[in-house]
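Student: Sequence first, predicted model second:
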Amino acid sequence: MHIVTAEEMRRLDRITIERLGIPAVALMENAGRAIAEEIIALCRRRGVGRAPLPARAARDGGAPHSAGAWAAGAAHEEAAAPGAGAAWNTAAGRALRGGNPSGGALAGAPKLHISGDAALMAEHAEDEHWLVLVGKGNNGGDGLVAARYLREAGIAVSLLYAVPPESLTGEAALQRDAAAAMGLPAAVHGGGSPGFAGYSGVLDALLGTGAAGAPRGAYAELIAAVNGSGKPVVSADIPSGLNADTGETHEPCIQASLTVCLAFLKRGLLQYPGSGAAGRIVVRSIGIPAGLAREEGLSAYWLTPAVLEGVLGVDVSRRRVPDGHKGTYGHVLVAAGSLRMSGAGLIAARASLRAGCGLATWAVPGKLLPLLVGAAPELMLADAGGQADGTWNAEAAEEVLNLAEKKDVLAVGPGIGRFQEDKEWLKRIWEGAECPLVVDADALNILAECDYRSWKSRREPVILTPHPGEMARLAGVSTMEIQRDRIGLALSYARERGVILVLKGAHTVIASPDGRIFVNTTGHPGMATGGAGDCLTGIIAGLLAQGLEGVQAAAFGVYLHGLAGEKAALLRDDPASVIASDIIEAL
Ligand SMILES: NC(=O)C1=CN([C@@H]2O[C@H](COP(=O)(O)OP(=O)(O)OC[C@H]3O[C@@H](n4cnc5c(N)ncnc54)[C@H](O)[C@@H]3O)[C@@H](O)[C@H]2O)[C@@H](O)CC1
Ligand SMILES: Nc1ncnc2c1ncn2[C@@H]1O[C@H](COP(=O)(O)OP(=O)(O)O)[C@@H](O)[C@H]1O
Ligand SMILES: [K+]
């Protein structure tokens with residue numbers, strides 16, 4: 001699934017309207033309807049568990065007075081069990097059969113199946129009253145359309161305009177008039193905090209992708225008031241107050257239970273804190289062809305198995321050829337670990353094996369070798385030289401390069417610490433290793449102190465896997481600055497430096513020098529534990545050894561790592577108990 005910036009979204013809107021001739025008001029109609037359907041679905045889920053209300057037709061004495069009343073009864077069962085004939089099992093169905101014998105199933109008579117627009121039918125509608133907060137732009141227009149559909153479903157709605165309705169223009173003004181003509185009750189925010197007591201939910205249609213900066217004036221007042229109301233909030237497109245591109249939340253920003261995102265996922269919804277403010281996200285089609293994004297050359301994606309397969313060409317089933325042998329799946333060399341942090345190397349090397357490589361060799365300063373014998377029987381150990389105290393030195397680079405000669409990938413960094421002439425060590429490895437290179441942990445801190453653009457350029461790809469702190473050092477900015485716009489920053493760094501960048505942390509971003517971006521959402525906060533990153537390094541190396549290309553291995557590795565973290569958490573009562581070894585074992 002593509003993810004877009006606000007600017008890209010406007011471009012796709014424009015093309016749909018101008019090139020395809022689909023009127024803007026039709027898109028808005030689809031948007032509002034989709035939002036209403038999601039609110040109705042939410043009400044339906046809320047209704048489950050409540051004592052079932054008698055269907056309206058039955059309460060009305062067996063015969064439906066109006067199509068509307070009858071439809072509400074029928075919707076009850078259709079929603080629970082969609083499919084032809086489901087309505088006949090409802091109380092309403094039974095009532096109709098009782099009141100109108102010709103509607104019953106007569107032996108031999110053809111059965112007439114008629115169903116309504118189930119997604120727009122609300123059971124327990126009488127229990128609901130939604131307040132729709134309407135902004136000045138098209139986001140407000142979406143809210144007005146949604147209000148009409150909710151009303152049609154029998155749900156009470158009230159409109160609260162942030163600004164005088166006369167100031168709405170274009171399609172939004174059209175919707176304002178339609179809502180007024182339909183008799184929807186409306187008020188204009190008059191300052192202070194509106195009362196929320198009578199409402200069962202709030203639709204936030206204040207600000208969308210046209211918002212600039214922090215919400216001002218009435219918008220800010222309304223957002224702050226809603227957040228304090230304790231009412232469930234559904235946001236139209238994005239939570240108002242969110243930067244749609246970066247995921248930054250302004251002060252104030254709506255805290256939604258559900259965001260109905262329109263047409264394409266907005267970048268800001270996939271990055272924290274925006275992801276947190278959005279709640280559950282549903283992306284709904286509104287008539288803008290999904291293929292337009294590809295045709296327009298947009299190349300940022302939410303990482304899913306479909307994207308891994310369809311966009312990146314990864315075989316997610318990780319099939320092995322029946323006559324394969326260990327040589328078929330490549331040989332990883334991990335240069336990692338030192339006396340105080342040998343575990344980091346062990347984790348990375350073990351993870352590479354679990355990722356499916358045929359062989360893994362772990363190179364450490366020779367002094368450590370006797371201590372590591374048997375630590376992981378599947379691993380081969382190699383002497384990388386180094387100091388008498390078990391630390392690395394510049395000369396060890398030659399040993400690593402010798403060892404790397406017959407390997408398919410080299411991963412460096414976890415647990416190596418800092419040492420004298422470590423920049424020289426890394427430069428030699430960078431320039432000399434003729435296989436793909438994964439650079440992590442302290443090797444990234446070393447790299448941050450080098451002008452590596454002046455180094456001899458490499459033919460094989462380099463994958464950098466920084467966490468936000470390491471990324472800050474690489475980019476020479478603060479960690480806060482990194483987290484402010486992770487996607488934008490990862491993209492520009494990868495492009496400028498010609499590296500594949502894996503910016504770790506919740507919703508890891510994978511950026512490729514050709515401008516492709518993938519945002520991963522597997523994983524969970526239980527993975528914030530020492531060694532989890534070393535494990536990722538090993539997984540990516542293990543995939544590279546099996547012949548995956550740089551971006552394929554980086555993206556699939558991140559995806560699998562998160563999935564393994566999720567599986568590991570399921571094996572424990574509390575995800576907080578997950579440790580890096582659990583992630584390896586869950587691969
Ligand atoms: N064809 C389209 O363009 C479509 C747009 N759609 C909706 O339209 C939205 C974008 O609409 P717009 O571009 O009109 O923008 P918005 O609806 O986000 O509103 C922008 C308006 O809000 C005001 N504003 C901006 N920043 C503010 C701030 N910080 N504080 C207070 N007021 C502020 C300005 O008056 C500005 O005109 C999307 O998010 C989506 O909901 C949908 O209707 C589908 C079709
Ligand atoms: N809240 C989170 N949600 C998802 N993944 C997380 C979260 N916190 C950490 N992770 C993942 O765990 C790993 C931690 O890596 P890192 O910080 O380098 O740890 P270490 O250096 O101890 O190995 C990264 O892959 C990161 O994306
Ligand atoms: K909104």
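Tutor: Arrived safely. Since this is a predicted model, take the numbers as computed values, not measurements. Ligands and ions are numbered 1, 2, ... in the order given.
Student: OK, contacts around the closest residue to Lys266 other than its chain neighbours?
Tutor: In space, and not counting its chain neighbours, Lys266 is closest to Ala244: 4.5 Å by CB to CB, 6 or more residues apart in numbering. (C-beta placed from N, C-alpha, C; glycine too.) Applying CB atoms under 8 Å, 6 or more residues apart in numbering to Ala244 gives the contacts Thr5, Ala6, Met9, Gly208, Thr209, Ala211, Ile238, Lys266, Arg267, Gly268, Leu269.
Student: can you give me phi and psi for His331?
Tutor: Main-chain torsions, His331, degrees, to the nearest 10: phi -120, psi 120.
Student: list the contacts for it?
Tutor: Going by CB under 8 Å, 6+ apart, His331 touches Cys357, Gly358, Leu359, Ala360, Thr361, Lys406, Lys407, Asp408, Ala545.
Student: how does it look with 6 Å?
Tutor: Leu359, Lys407, Asp408 (CB atoms under 6 Å, 6 or more residues apart in numbering).
Student: How about it, nearest residue that isn't a chain neighbour?
Tutor: Closest to His331 by CB to CB, 6+ apart is Leu359, at 4.3 Å.
Student: same thing with Ala293?
Tutor: That would be His2: by CB to CB, 6+ apart, it lies 4.0 Å from Ala293.
Student: Let me know how buried the one you found is, in neighbour terms.
Tutor: 22 (other CB atoms under 10 Å).
Student: Likewise for Gly557?
Tutor: By other CB under 10 Å, the residues close to Gly557 number 30.
Student: Identify the residue spatially nearest to it, adjacent ones excluded.
Tutor: Closest residue to Gly557 apart from its sequence neighbours, by CB to CB, 6+ apart: Ile540 at 3.7 Å.
Student: Check which helix or strand that neighbour maps to.
Tutor: Under the criterion of DSSP states H and E, Ile540 resides in helix 532-545.
Student: Run through who's touching that helix.
Tutor: Under CB under 6 Å, 6+ apart, the answer for helix 532-545 is 330, 332, 344, 347-348, 351-352, 355-357, 408-409, 411, 414, 436, 438, 440, 465, 553-554, 556-557, 560-561, 580, 583-584.
Student: how about 7 Å then?
Tutor: When contacts are defined by CB atoms under 7 Å, 6 or more residues apart in numbering, helix 532-545 is touched by residues 329-332, 334, 344, 347-353, 355-357, 408-409, 411, 414, 436, 438, 440-441, 463, 465, 467, 504, 553-554, 556-558, 560-561, 580, 583-584.
Student: do the same with stretch 447-455
Tutor: Contact with stretch 447-455 is made by Lys423, Leu426, Lys427, Trp430, Glu431, Val439, Arg473, Leu474, Arg497, as judged by CB under 7 Å, 6+ apart.
Student: Contacts only, for Leu269.
Tutor: Shown in contact with Leu269 (CB under 7 Å, 6+ apart): Ile238, Thr259, Cys261, Ser275, Ala278, Ile281.
Student: and of those, the nearest to Glu221?
Tutor: The closest of these to Glu221 turns out to be Ile238 (CB to CB; 19.2 Å).
Student: Give the burial count for the closest one, as a bare number.
Tutor: 30.
Student: Ala224: which element?
Tutor: Assigned by DSSP H and E, Ala224 falls within helix 217-227.
Student: That helix near ligand 3 at all?
Tutor: No: with CB under 5 Å from the ion as the measure, helix 217-227 is seen stopping short of ligand 3, the closest distance being 9.6 Å.
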